[in-house]
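Undergrad: no letters, just coordinates:
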């Protein structure tokens with residue numbers, strides 16, 4: 001889906017999104033030129049007011065040719081997902097993109113992972129009819145904990161978890177979780 005053009009100190013930029021397999025949201029952006037560009041932070045909000053950084057993508061720095069960037073949100077929230085880019089120059093100057101709102105339904109999925117809040121809490125929405133056992137594994141497949149998901153909102157404290165990739169699995173579904 002084409003969303004439009006936005007302006008940055010780095011030059012003219014295109015910021016678009018696409019939904020992938022009713023599971024992911026792929027964010028893509030390009031810059032025409034860059035001068036002293038440091039990095040892009042991909043930020044997400046469920047309500048358009050409270051923002052969390054999902055990723056930090058290094059910029060090319062100095063470039064007079066088109067640069068392409070992307071990020072895949074593997075755990076979009078059910079409902080509205082607000083995205084913006086925060087472009088930070090090497091001197092610390094910041095500019096924000098326009099906000100893109102992506103409506104997302106999880107299809108037939110009953111398991112929705114959202115809101116990994118600065119390594120403090122992992123929020124999980126269970127939409128199934130009954131309580132569901134779930135297991136959390138690290139990237140090496142080592143079982144870290146088992147919980148029973150109740151219908152509605154659930155949470156797991158992640159303060160003691162190292163940054164990295166984790167997997168939350170139920171009997172029928174699994175979700176990749178990235179803790180930064």
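TA: Arrived safely, thanks for sending. Not measured: the values here are computed from a predicted model.
Undergrad: pLDDT score for the residue nearest to residue 161 when sequence neighbours are not counted?
TA: Residue nearest to residue 161 in three dimensions, not counting chain neighbours: residue 179, with 5.5 Å by C-beta to C-beta, 6 or more residues apart in numbering. Yep, even glycine has a C-beta here, placed from its N, CA and C like the rest. Residue 179 carries a pLDDT value of 78.
Undergrad: host element of the residue nearest to residue 41 when sequence neighbours are not counted?
TA: Nearest residue to residue 41 in three dimensions, chain neighbours excluded: residue 86, at 4.2 Å (C-beta to C-beta, 6+ apart). Element membership for residue 86, per DSSP states H and E: strand 79-89.
Undergrad: cool, residue 101 as well?
TA: If you go by DSSP H and E, residue 101 is part of strand 100-104.
Undergrad: who does that strand pair up with?
TA: strand 79-89 (antiparallel) (DSSP bridges).
Undergrad: the partner strand: how far from the chain's middle?
TA: Distance of strand 79-89 from its chain centroid, counting by C-alpha atoms, centre = their mean, to the nearest Å, is 9 Å.
Undergrad: again with stretch 18-34
TA: Computed by C-alpha atoms, centre = their mean, the chain-centroid distance of stretch 18-34 equals 11 Å.
Undergrad: how close does the nearest residue to residue 55 once chain neighbours are set aside get to residue 126?
TA: Distances taken as C-beta to C-beta, 6+ apart place residue 42 nearest to residue 55, at 4.7 Å, with adjacent residues excluded. For residue 42, the distance to residue 126 equals 26 Å [C-beta to C-beta, to the nearest Å].
Undergrad: just residue 73 next, same as before
TA: 20 Å.
Undergrad: more neighbours: these two, which one.
TA: residue 73 (23 against 20; other C-beta atoms under 10 Å).
Undergrad: which residues touch the residue minimising distance to the centre of the chain?
TA: Per C-alpha atoms, centre = their mean, the C-alpha nearest to the average position across the chain is that of residue 73, at 3.8 Å. Each residue near residue 73 by C-beta atoms under 8 Å, 6 or more residues apart in numbering is listed here: 24, 25, 26, 27, 42, 44, 54, 81, 83.
Undergrad: now the residue of the chain most remote from its centre. Nearest residue, chain neighbours left out?
TA: Centroid-distance maximum for the chain: residue 64 at 28.8 Å, with C-alpha atoms, centre = their mean. Using C-beta to C-beta, 6+ apart and skipping residues adjacent in sequence, the residue nearest residue 64 is residue 33, 5.4 Å away.
Undergrad: for residue 61, see how far away the one you found is.
TA: Counting by C-beta to C-beta, the gap from residue 33 to residue 61 is 11 Å.
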